[in-house]
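Asks: following is a predicted model, sequence given first.
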Amino acid sequence: MGYSDQRFTVNLSILFTELPLLERPAAAAAAGFRAVELWWPWVDAPVPERSELDALKQAIEDAGVRLTGLNFYAGQLPGPDRGALSVPGEESEKFRANVDVAADFAHSLGCTALNALYGNRVDGVDPAVQDELALENLVLAARAADRVGAVVLVEALNAPESPKCPLVSAEKAVEVVDKVNAATGLGNARFLMDLYHLSMNGEDLPRVIAAYADRTGHVQIADNPGRGAPGTGSLPLEDLLDQVREAGYEGWVGLEYKPGDRPSHESFDWLPAGARAAR
């Protein structure tokens, strides 16, 4: 097995950020990839102008790459926020306004995975109130995703970098997945298994893989420490991805790592050119 047996997709919100957004899909293609994913690109606009949506769609199509994953609106990300759907008031309303916009944009490009980041705890707000709001909004997101033939992803982040986020373990994220599926009856909520975040939490990664691969809708990787490319840290990522595949996951693996001080296209030296194109 090994890296050559995986299906990699490049996260254009953390890689190629030295380029304008509309140039990034072509840059990923030039590096040999045929699939990309994105955080919500317009941090201040849950409902951007149609011209902006059309321009990004055209850039992705012109590059000849496939959009495999898209985040719903998540607040200031990159930045202090970790999602909007559990944050009462304006942020929750922005999330709700974005749900159909994101789902329709994903559908227009054949994208079938939508990531719904949970958000931070808010000082002075009862966590139970936030969790109730989160479930309501995740149900909306799951129904919108189902309408376009997609899954909605729930991701566990890591406590050192996201101390106010309540979803900082695989178990907590999967609990939310189960609640959403129970509430909708659709079965299209899935776990986003980010091996970097889980390793930062000190989780037993082989145990997590064995326990939750069957409920996983997407996998993301970066090395630890440093959140850099595979080989820059100490995680046995090639072996871990083999375990994920052996456990039955055959989907995309998102490259969500920082390129470091070099241009993004130079950060793929760990992956042979022939293994970059999606199969």
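Replies: Received it, and whenever you're ready, just let me know what you need.
Asks: any idea which residue is closest to the centre of the chain?
Replies: Nearest to the mean C-alpha position of the chain, by Cα atoms, centre = their mean, lies residue 115 at 5.3 Å.
Asks: residue 252 contacts residue 7, correct?
Replies: Yes. Contact criterion Cβ atoms under 8 Å: residue 252 and residue 7 qualify, at 5.2 Å. (Glycine included, C-beta is placed from N, CA and C.)
Asks: which of those two has more neighbours?
Replies: Remark: of residue 252 and residue 7, residue 252 carries more neighbours, 22 against 17, as counted by other Cβ atoms under 10 Å.
Asks: how close does the more buried one sit to residue 35?
Replies: Distance, residue 252 to residue 35, using Cβ to Cβ, to the nearest Å: 7 Å.
Asks: what does residue 177 give?
Replies: 24 Å.
Asks: equivalent analysis for residue 193, please.
Replies: Distance of residue 193 to residue 35, computed by Cβ to Cβ: 18 Å.
Asks: more crowded one of these two?
Replies: residue 193 (29 against 23).
Asks: can you classify the more buried one by secondary structure?
Replies: Classification of residue 193 using DSSP: H, G, I helix; E, B strand; the rest coil returns strand.
Asks: swap in residue 37?
Replies: strand.
Asks: may I have the beta-bridge partners of it?
Replies: Beta-bridge pairing for residue 37 (DSSP bridges): residue 11, residue 69.
Asks: I'd say it and residue 9 touch.
Replies: Yes. In this structure, residue 37 is within contact of residue 9 by Cβ under 8 Å, at 5.1 Å.
Asks: where do the contact lists of these two overlap?
Replies: Common contact partners of residue 37 and residue 9 (Cβ atoms under 8 Å, 6 or more residues apart in numbering): 68, 69, 252, 254.
Asks: can you give me the helices for the chain?
Replies: Using DSSP state H, the helices assigned to the chain run over residues 24-30, 50-63, 90-108, 127-147, 170-184, 195-200, 205-212, 237-246.
Asks: extract the CA atoms of stretch 134-143 and return them as PDB.
Replies: Presented in PDB, the C-alpha positions along stretch 134-143 are these (Å, rounded to 0.1, in the frame of the first residue of the first chain):
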ATOM      1  CA  ALA A 134     -25.900  23.600  17.200                       C
ATOM      2  CA  LEU A 135     -28.200  20.600  16.700                       C
ATOM      3  CA  GLU A 136     -30.800  22.700  15.100                       C
ATOM      4  CA  ASN A 137     -28.300  24.200  12.700                       C
ATOM      5  CA  LEU A 138     -26.700  20.900  11.900                       C
ATOM      6  CA  VAL A 139     -30.100  19.400  11.100                       C
ATOM      7  CA  LEU A 140     -30.600  22.300   8.600                       C
ATOM      8  CA  ALA A 141     -27.200  21.600   7.200                       C
ATOM      9  CA  ALA A 142     -27.800  17.900   6.900                       C
ATOM     10  CA  ARG A 143     -31.100  18.400   5.100                       C
END
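Asks: what's that stretch in contact with?
Replies: Applying Cβ under 8 Å, 6+ apart, the set of residues contacting stretch 134-143 from outside is 72, 85-86, 92, 95-96, 99, 114, 116, 118-119, 152, 154, 176, 179-181, 183-184, 186, 188-189.
Asks: any idea of the mean pLDDT in it?
Replies: In this model, stretch 134-143 has an average pLDDT of 98.
Asks: how far does it sit from the chain's center?
Replies: Averaging C-alpha positions (Cα atoms, centre = their mean, to the nearest Å) puts stretch 134-143 17 Å from its chain's average.
Asks: next, the buried residues of that stretch.
Replies: For stretch 134-143, a neighbour-count test (16 or more other Cβ atoms under 10 Å) marks 134, 135, 137, 138, 139, 140, 141, 142, 143 as buried.
Asks: Throw those into JSON lines and include distance to residue 223, thanks.
Replies: Formatted as JSON lines, the buried residues of stretch 134-143 follow (distance: Cβ to Cβ, whole Å):
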{"residue": "134", "distance to residue 223": "30"}
{"residue": "135", "distance to residue 223": "34"}
{"residue": "137", "distance to residue 223": "33"}
{"residue": "138", "distance to residue 223": "30"}
{"residue": "139", "distance to residue 223": "35"}
{"residue": "140", "distance to residue 223": "35"}
{"residue": "141", "distance to residue 223": "30"}
{"residue": "142", "distance to residue 223": "32"}
{"residue": "143", "distance to residue 223": "37"}
